[in-house]
Structures are given as structure tokens and as C-alpha cells.
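> Please find the sequence and the predicted model below.
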Amino acid sequence: MSTIYDPQNIFAKILRGELPSTKVFEDDVALAFMDIMPRGPGHTLVIPKVPARGFLDLPKDVVGPYMERVQTVAAAVKRGMGGEGLTVLQFNESCGGQVVFHLHFHLIPRWEGIALKAPGSAMGDRAEIEACAAKIRAGF
Ligand code: 5GP
């Protein structure tokens, strides 16, 4: 099994602007955008700009700056969406649940009594995702 970084992965294409995404945050370190198959309202992904396949591939000097962005975006996701809680997920390799092989953290706001949908269960409604993105941008 290959564990080499593939520059043709979907998130690398999003980073290069070759594929569209609904962005909520971007700076020199990270990009955050809405998941197209949200496991709940406001499901957001944060990716580093460096080409890292998984968490263990992230250069040490980028770990701090990247995790700072993850936390900043997490706060905006929770605040903007009015979440009661927040689930943070990160998967490595297929056996670990990873599907797209560019490092990403999932940020999913949570409410009491509302379960997460299964991964990849359905494409999200475009207008609903845009509305969530607007709320999250206002949460910074
Ligand atoms: P993983 O299982 O690799 O941690 O999660 C990959 C995530 O990327 C999934 O939640 C999936 O819905 C999301 N995803 C897959 N393809 C695309 C895409 O083209 N655009 C966006 N915005 N999200 C995607």
C-alpha cells in the first residue's frame, strides 16, 4: 500500500483552485471549507497548505501553526453555528477511516440528542451548506 503524498488528491486540487469549495477561512498556513457530505450542519474541514498525507507526516514546525488554525476555526464553527458542543475528528489511512489523503481535521458542531450521520451517507444540500458557511464566517 502506498503512503506517498499524491498531489492529485481532491484537497490538493481544492488548494490549487482547480476544484471549487465553500471556504470559511484561509491564510498562509491553512484553508478551511465546508464538507460536501456533512455529517451534521456546519461540518467543516481544515487542511494545512503543506502537502501532508496524514497527521504524522506534518512537519514538526507546522504542527503548532496548523493546530492554532484548527482551534481558531473550531471556535468560529461552534460560535457561528450556535453549537452546544463540538466534535473534532481526524483519520489516518484507509484502516483508520481516511478517504482523502491530504491531512484534514473535521469540525462538527453538536446539539444534545442529535446524532452524527454516517460518513459519506449523502451529498449535502448546496443552499444549506452555503447558509452554514455564512454563519461560520460571522463566527470569527
Ligand atoms: P476522511 O474520511 O478522509 O477523514 O474524510 C474526507 C471528507 O472529505 C469526507 O467527510 C467527505 O465528505 C469530504 N469530501 C470528499 N470529497 C470532497 C470534495 O470534493 N469537497 C469537499 N468539500 N469535501 C469532500
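Received the coordinates, thanks.
> if I pick the spatially most central residue of the chain, what's in contact with it?
Geometric centre of the chain, nearest residue: residue 45, 0.7 Å, by Cα atoms, centre = their mean. Residues near residue 45 by Cβ atoms under 8 Å, 6 or more residues apart in numbering: 11, 32-35, 104-107. For the C-beta atoms, the positions are set from N, CA and C on the backbone; glycine is no exception.
> moving C-terminal of the strand or helix carrying it, what's the next helix or strand?
Element membership for residue 45, per DSSP states H and E: strand 44-48. Using DSSP H and E, the helix or strand that follows strand 44-48 in sequence is helix 60-81.
> Show residues contacting the helix or strand following that following helix.
Sequence-wise, the next helix or strand downstream of helix 60-81 (DSSP H and E) is strand 85-89. The contact list for strand 85-89 (Cβ under 8 Å, 6+ apart) reads 70, 74, 77-78, 105-112, 116.
> Also stretch 17-24?
10, 13-14, 31-34, 44, 73, 76-77, 129-130, 133, 136-137.
> Residues of the chain that sit close to the ligand?
10, 21, 33-37, 91, 97-100, 104, 119-120 (Cβ under 6 Å from any ligand atom).
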